[in-house]
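Trainee: compute the structure for the input listed below.
(6 chains)
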Amino acid sequence: MPLIIKDEYPEKLFRDDGKRLDGRDKDELRPIKMEVGVLENADGSAYLEWGNNKIYAAVYGPREVHPHHLAKPDRGILRVFYRMATFSVFERKRPAPGRREKEISMVISDCLKPVLFLELYPGTAFEVYINVLDADGGTRCACITVAALALADAGVPMRSLVTAVAVGKIDGELITDLSGIEDKAGEADLPCAITWFNEELSLLQFDGETDLEEFSKCLGLAKNAFSKIYEIQLDALKKKYIEIQEEYSRGEKK
Amino acid sequence: MPLIIKDEYPEKLFRDDGKRLDGRDKDELRPIKMEVGVLENADGSAYLEWGNNKIYAAVYGPREVHPHHLAKPDRGILRVFYRMATFSVFERKRPAPGRREKEISMVISDCLKPVLFLELYPGTAFEVYINVLDADGGTRCACITVAALALADAGVPMRSLVTAVAVGKIDGELITDLSGIEDKAGEADLPCAITWFNEELSLLQFDGETDLEEFSKCLGLAKNAFSKIYEIQLDALKKKYIEIQEEYSRGEKK
Amino acid sequence: MPLIIKDEYPEKLFRDDGKRLDGRDKDELRPIKMEVGVLENADGSAYLEWGNNKIYAAVYGPREVHPHHLAKPDRGILRVFYRMATFSVFERKRPAPGRREKEISMVISDCLKPVLFLELYPGTAFEVYINVLDADGGTRCACITVAALALADAGVPMRSLVTAVAVGKIDGELITDLSGIEDKAGEADLPCAITWFNEELSLLQFDGETDLEEFSKCLGLAKNAFSKIYEIQLDALKKKYIEIQEEYSRGEKK
Amino acid sequence: MMNIKRVISTIEKNYILSNLKKEERIDGRGLWQQRDWSVKSNVIASAEGSAEVSLGKTQVITGVKYDVGTPFPDLPNEGVCTFMAELLPLASPLFERGPPNEQSIELARVVDRGIRHADCVQTKKLCIKEKKAVYIIFVDIYVINYSGNLIDAGGISALTALISSQIPEGKWENEEVVWTGKYWKGDTLVNELPIVLTYGKIGDIIFLDPSLPEELVCDGRISISVTEDKITSIQKSGFATFSIEEIEMLSKKSIKFGKKIRKDLNLWQYKL
Amino acid sequence: MMNIKRVISTIEKNYILSNLKKEERIDGRGLWQQRDWSVKSNVIASAEGSAEVSLGKTQVITGVKYDVGTPFPDLPNEGVCTFMAELLPLASPLFERGPPNEQSIELARVVDRGIRHADCVQTKKLCIKEKKAVYIIFVDIYVINYSGNLIDAGGISALTALISSQIPEGKWENEEVVWTGKYWKGDTLVNELPIVLTYGKIGDIIFLDPSLPEELVCDGRISISVTEDKITSIQKSGFATFSIEEIEMLSKKSIKFGKKIRKDLNLWQYKL
Amino acid sequence: MMNIKRVISTIEKNYILSNLKKEERIDGRGLWQQRDWSVKSNVIASAEGSAEVSLGKTQVITGVKYDVGTPFPDLPNEGVCTFMAELLPLASPLFERGPPNEQSIELARVVDRGIRHADCVQTKKLCIKEKKAVYIIFVDIYVINYSGNLIDAGGISALTALISSQIPEGKWENEEVVWTGKYWKGDTLVNELPIVLTYGKIGDIIFLDPSLPEELVCDGRISISVTEDKITSIQKSGFATFSIEEIEMLSKKSIKFGKKIRKDLNLWQYKL
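Mentor: The predicted structure is shown next:
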């Protein structure tokens, strides 16, 4: 028997004062918190809270490829394992990884590859584990953002960071950074990611209905949001290096 | 919830004029069409329409065996992968291969092996993929018949072709080449195959109820049908060689 | 639709005469029968009937480890595969091995390891297959007891045999060797096993509710039962060696 | 997984073959002689029916369980009888762990088809209430020791388990199944006694009831299920081919052998 | 499983690339030219709808089946339409046996999303009785020959199969579904005709409808689904990146190409 | 998959052992001293209850979800509470991808049994309507960082998640579940506070709360669940053996340690 209480959608996604249901302006991001080096056993790791999203990412590698036949003689491979906790969504997710998780893993992997120098690591693999413990809107963008940090934390050489955000349309208006309810009840959703080294889009998905003009406006909104999120990523990395420096100067590390 | 419209069986399987429901005489075959070399990426291939059966077969090999532990040091192996499309039958088949598909794969493989010289290919595999896109009665016989063609098209050395047909009993009468409805509503079904090099039976299955005399008559019906189907197989092979010859003579191949 | 007839539990687990429902005294064991060397294809085997439990165990090894990556360079491994037949329990068990079977396999393996000299067999595996064909209470203890015999029958060097039994509490009274109904309707269950070489417990599980005093009494009951069961194990082993000797003396073996 | 016992030496193969050519078998049997049967019923207390059957050293245990379910829409008043076979790794180093493989599927299917097409299991009697509730009967075959010819042993064990079974009788009352306290016995379930006979073929020599070494070296097998005077099911396996004359000869023999086994084993004695 | 055909030589890659730089393709097409289409409907008698579609040598067969189920509690009056894709090993040595892999999941998902977001399948019409019974429509795509760009071929084949389908009409009477004997035709199911267009990118060169060799050497692809004048779905795959200007240019082109394909193929002709 | 971190050197093993013989541990603890606890509840907005628990550097997050289903026929008025554990590969290179393995099954089972046998979860209160509708409670444990002794951390996190949970209250009206808008709180679900304590054994030395290096070198472990003055569950694992005297000593200690932890952590504070 399935759940009987449904997650009801509100009739309107804007309040009377023109703000969104969570009080944000149209182009305002939800609160974002990032931290690197949070897990002791991985080669690199990061933690992110973005609205209600709570996500851990960890990187192992370069290491041996299992199963062996996946190894490439001329380059390293990037393997992304995106998973949702059973309790991260309204209706309990089944524990086994589903098709959606496989698809998103591939999408994230394709998005991160352009910044890596995989040709320098023939025969090996970088494995990125991303676990969503609480999910809100924009989960895949949050995952890309935190995975890029985990790769940086692992010391993997990168052309640049990658930053992702979803923009979209609700009640006929274009907005930045859709929350869960805006994603489900809204009309269009455009998750995208930027690779800073060439300032091109490395993730681009769209679902909805839009004409060309509106579509260009969406891309403009995304561009603005990228910069703000990028700052938070850089801060998280800096914070760790400052901590390490302080430990050195206090003589705790050598 | 399962399907509610059932595929109803008719009360009688013969019309008043003594013909079968599809207008055939008792020993008449359904229309059969065969073509070889239909798929560009396989080492050999064939396509067959037999009544409403629509079947593709492709052969790869001799090639490396995966997984390795299946390889035999003293001979090649033949692996047959028989699969039904989800929409090939009245009630949608589940996408994953079922027990029936595994059993029929083995039966087809056992049926084709006698004509191959597997001892000449130690450590390798011939893989035969057979996909039924539309299914009518006699699917396994049609699969054997088209798989033999695909093997020949791949240039695999063979003692002879293999030809298969089902005979059986409906409304108390013995008939040749059961259609889908005759197979389901009938009383007995005898799919069998002949290996022409020794004119013995290489497939023999029976389900029904028959005494010895009737059983012998069934085998006689099968014998007659084999020859007719064999002609169509030979024609399909000839047609391809004529085409190739013409291409050569037009200078398109060299 | 699940089964509708339930296996009803009796209100009382003692009869008016103070005996248990099957007529036993509190510290009395059910009838036990053991035999070794019962399967011709295994390296060692044993069969056990204990109450209604009917269990076969077979040992193969030391042999190559499949899959290879499980092999340990510095020692042999012990793999136990405990399985219940579908018809061994009241409600038909699904054919595929479940979590409970995996857990009990591990528990049995942990219980047997202390008596083996696995360090003498680097890179190899001992595989113990245990199949419960009919299940009553105390199945895991019965499995350990019969598996120890099968290992001995296979000639695997052992520090000692292992003997297991469950003690527990029903209707407020401590008893030895719970039957199926006593296990389900009772208040506490303590399966345990002894490794005779050091007279310590190598299996210890408990489910129920007990204070420290009662718990000590349970362990005392187990101690008494161990010795009785051990005698039956030794008899089974002796019986086989006597048979072999007799065959030699009759000249049937050489 | 390469197993040393899986390889039979050429010497052994030739020895078996040269014996067969003299119409002799390595265990002393004639070409058309079965090994000895042993049949015990009612061996599993937890099962609704059960049998332990040996054919020579081949040993199988079969149990019957039941459940109640809704019928298939196109067969609203028929119960269901399903067969499963498991080749336990303890029965032979040739048997591997894991989900059902081709060999276990074949064993279950051939036993199933022999029984199904003989109208042996009375599925129409397995209906409690049309469209609402029917019995599902599970016949599960476990191979305990593998010494050749699992199919014939599996067939007799499945029949015996069915004959020896007792299924609680249910009635439909107030939209649910209510149990009467009585039982359907094996003669409600079982109508006919189809016997399946398996023959091996090496070169052009055919013989009944292949033992393990014979099975490992033979080119193929054929299993024929028979009722009193009819053939109900045939399955050829392996890469042997059979001439029409051979098939006709084996069909005739099967009906004869079937009569004898049916009489010798007297399976109805196992009805409770 | 290392496959020799999976490796495209550097020479071939350079040859393809140097051609593309001259705005030429190895099969003679221009950068924005699709291969030829062939569309046949109603090719599978057992399916409720079907299509066989070729785009160049790429060939897919799609079939539609239905079932009746209970609706999701939060969408009590909507039917369900699900997409599956199977990359048959006979279509290419690059395709392996086994459960759906990333590539087949992506094919099904991109076709699904292009159709779903164009409001193409009228799931609200697929309700027999609110809260009780709705249709489940299965659109299953089989790849028969793989010669590049499965997504565009899959999209047209799914649309055609849906348009050509006939689903028995059910009514809710006495707490069960009763069949009226009439059929829902494709125009009940299908509302819009979204066309998906896939572009390859190598270096900074972009081109429509990648062939197999182009697909094997390209850095990435982008698939854009369009209705008459709207974009309804986009999916970038592979490790290429695209500038915003490129995306805008491709969006504009897709609407233009979509119009042409919609007109050329005239899919409504396949309605029964 | 051979992992370099899986091998602990003989030197390290000897170092740990020689310390333990002096009743010292490599992290400075005494033999019977637990690492520090940190407990946070209500950390997952999407879950009906949740907890993030650290024991030293070992970190687990547990969430509670619910569903409504039909009860088992033999327990017509009891709900169901199930436990699952996942050892995330990000928590340790020792954890592999894939379906539940022995270690994760054991973690879930030992936590389950400790809680179940203490009559901790009030499954009888989880009934909405006898025979018709009961709650199914899912307690899912995710290991985020593995630094030894998952069982004790898993036990506290499961308890806290249950205590902190709110389950919508349902009533049975007109043959379906209707939601009242109120919630069952943790004190409806949870009755007792069983504490599970795990001890490692190397040679004949026993110690509480093994850290990761201790866990990797120890011969075995024993986990004992206790309520205020009773033992409710025991699980020995690994190839260590324990004398009866040792078992009695550990049982006594567990009741004492349980009292202290129950008081220190004061889990009822997490009730909403």
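
Trainee: residues near D:Glu214, how many?
Mentor: 23 (other C-beta atoms under 10 Å in any protein chain shown). Placement of C-beta: from N, CA and C, glycine included.

Trainee: also D:Phe72?
Mentor: D:Phe72: 14 neighbours (other C-beta under 10 Å).

Trainee: tell me the SS of it?
Mentor: coil (DSSP: H, G, I helix; E, B strand; the rest coil).

Trainee: tell me the confidence at it?
Mentor: D:Phe72 carries a pLDDT value of 87.

Trainee: same check on D:Val177?
Mentor: 91.

Trainee: how about the residue of chain A found nearest chain D, what does it touch?
Mentor: Closest contact between chain A and chain D, by C-beta to the nearest C-beta, is at A:Ala96 (16.4 Å). Contacts for A:Ala96 (C-beta atoms under 8 Å, 6 or more residues apart in numbering or on different chains) come out as F:Pro99.

Trainee: which residue is nearest the centroid of chain D?
Mentor: Nearest residue to the geometric centre of chain D (C-alpha atoms, centre = their mean): D:Gly155, 2.0 Å.

Trainee: ok, back up a step: what secondary structure does the residue of chain A closest to chain D sit in?
Mentor: Under three-state DSSP, A:Ala96 comes out as coil.

Trainee: quick check: A:Asn53 touching A:Ile144?
Mentor: No. Using C-beta atoms under 8 Å, A:Asn53 is not in contact with A:Ile144, being 12.0 Å away.

Trainee: the two: which has the busier surroundings?
Mentor: When A:Asn53 and A:Ile144 are compared for neighbours, A:Ile144 comes out ahead with 29 against 26, by other C-beta under 10 Å.

Trainee: circling back: just the pLDDT for the residue of chain A closest to chain D.
Mentor: Value for A:Ala96, per-residue pLDDT: 93.

Trainee: what segments of the stretch 1-150 of chain A are strands?
Mentor: A:32-36, A:44-50, A:53-64, A:77-84, A:124-134 (DSSP state E, counting those that start in this stretch).

Trainee: and of those strands, who's closest to E:Ala133?
Mentor: strand A:77-84 (30.7 Å; C-beta to C-beta).

Trainee: that closest one pairs with which strands?
Mentor: strand A:124-134 (parallel) (DSSP bridges).

Trainee: now the strand it pairs with: average pLDDT?
Mentor: On average, strand A:124-134 scores 98.

Trainee: tilt between that strand and strand A:44-50?
Mentor: 30 degrees (axes from the mean of the first three to the mean of the last three C-alpha atoms, to 10 degrees).

Trainee: for whichever residue of chain A sits closest to chain C, grab the count of nearby residues.
Mentor: Residue nearest to chain C within chain A: A:His66 (8.3 Å; C-beta to the nearest C-beta). Neighbours of A:His66 under the rule other C-beta under 10 Å: 16.

Trainee: what angle do the longest helix along chain A and strand A:44-50 make?
Mentor: If you go by DSSP state H, chain A has its longest helix at helix A:212-249. Computed by the same axes, to 10 degrees, the angle separating helix A:212-249 from strand A:44-50 equals 130 degrees.

Trainee: can you list the buried residues in helix A:212-249?
Mentor: A:214-215, A:218-219, A:221-223, A:225-226, A:228-230, A:232-233, A:236-237, A:240 (16 or more other C-beta atoms under 10 Å in any protein chain shown).

Trainee: those residues: which ones sit near chain E?
Mentor: A:Phe215, A:Leu219, A:Lys223 (C-beta under 8 Å from any C-beta of the partner chain).

Trainee: confidence score at the last one?
Mentor: When you say that, I think you mean A:Lys223. A:Lys223 is given a pLDDT of 97.

Trainee: these two touch, right, it and E:Ile244?
Mentor: Yes. A:Lys223 is within contact range of E:Ile244, at 7.3 Å (criterion: C-beta under 8 Å).

Trainee: show me where pLDDT drops low in chain D?
Mentor: D:1-8, D:118 (pLDDT under 70).

Trainee: again, only using 80
Mentor: Across chain D, the ranges flagged by pLDDT under 80 are D:1-10, D:117-119.

Trainee: distance check, whatever residue of it ends up closest to chain F against D:Lys132.
Mentor: Closest residue of chain D to chain F, C-beta to the nearest C-beta: D:Glu176 (9.7 Å). Using C-beta to C-beta, to the nearest Å, D:Glu176 is found at 9 Å from D:Lys132.

Trainee: now do D:Asp187
Mentor: D:Asp187 is 25 Å from D:Lys132, by C-beta to C-beta.

Trainee: the two: which has the busier surroundings?
Mentor: Shown here are D:Asp187 and D:Lys132; by other C-beta under 10 Å, D:Lys132 has more neighbours (17 against 13).

Trainee: what is the nearest residue to that one once chain neighbours are set aside paired to in the beta sheet?
Mentor: Spatially, and ignoring its direct neighbours in sequence, D:Lys132 is nearest to D:Trp172 (6.3 Å; C-beta to C-beta, 6 or more residues apart in numbering or on different chains). Beta-bridge partners of D:Trp172, counted by DSSP bridges, are D:Val177.

Trainee: what count of nearby residues applies to D:Trp172?
Mentor: 14.

Trainee: repeat for D:Lys21
Mentor: D:Lys21: 12 neighbours (other C-beta under 10 Å).

Trainee: so what would you say the end-to-end distance of stretch A:116-131 is?
Mentor: 21 Å (C-alpha to C-alpha, to the nearest Å).

Trainee: in three-state terms, label D:Arg43 for me.
Mentor: For residue D:43 the amino acid is Val, not Arg. Classified using three-state DSSP, D:Val43 is coil.

Trainee: just the element for the nearest residue to it once chain neighbours are set aside, please.
Mentor: Take D:Val43 and drop its neighbours on the chain: the residue closest to it by C-beta to C-beta, 6+ apart is D:Glu52, 4.7 Å away. Secondary structure from DSSP states H and E places D:Glu52 in strand D:49-55.

Trainee: give the pairing partners of that strand; include direction for each.
Mentor: Next to strand D:49-55 in the sheet, as set by DSSP bridges, lie strand D:37-41 (antiparallel), strand D:58-69 (antiparallel).

Trainee: and the last one, how far from the chain's centre?
Mentor: If I follow you right, that is strand D:58-69. 12 Å (C-alpha atoms, centre = their mean, to the nearest Å).

Trainee: and stretch A:115-132, by the same measure?
Mentor: The answer for stretch A:115-132 is 16 Å, by C-alpha atoms, centre = their mean.

Trainee: any buried residues in it, and which?
Mentor: Result for stretch A:115-132 [16+ other C-beta under 10 Å]: buried residues A:115-116, A:118, A:121, A:124-132.

Trainee: distance to F:Gly63 added to these, as a markdown table?
Mentor: Supplementary listing: the buried residues of stretch A:115-132 in a markdown table, determined by distance: C-beta to C-beta, whole Å:
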| residue | distance to F:Gly63 |
| --- | --- |
| A:Val115 | 33 |
| A:Leu116 | 33 |
| A:Leu118 | 36 |
| A:Tyr121 | 37 |
| A:Thr124 | 35 |
| A:Ala125 | 30 |
| A:Phe126 | 29 |
| A:Glu127 | 25 |
| A:Val128 | 23 |
| A:Tyr129 | 18 |
| A:Ile130 | 17 |
| A:Asn131 | 12 |
| A:Val132 | 12 |
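
Trainee: ok, so of the residues you listed, who is nearest chain B?
Mentor: The nearest one, if we look at those relative to chain B and count by C-beta to the nearest C-beta, is A:Ala125, at 20.3 Å.

Trainee: outside of the longest helix along chain D, which residues touch it?
Mentor: Longest helix of chain D, by residue count under DSSP H: helix D:244-265. With contacts defined as C-beta under 8 Å, 6+ apart, helix D:244-265 is touched by B:200-201, B:204, B:212, B:215-216, B:219, B:223, D:32, D:34, D:37, D:39, D:156, D:193-195, D:197, D:199, D:206, D:208, D:222, D:224, D:226-231, D:242.
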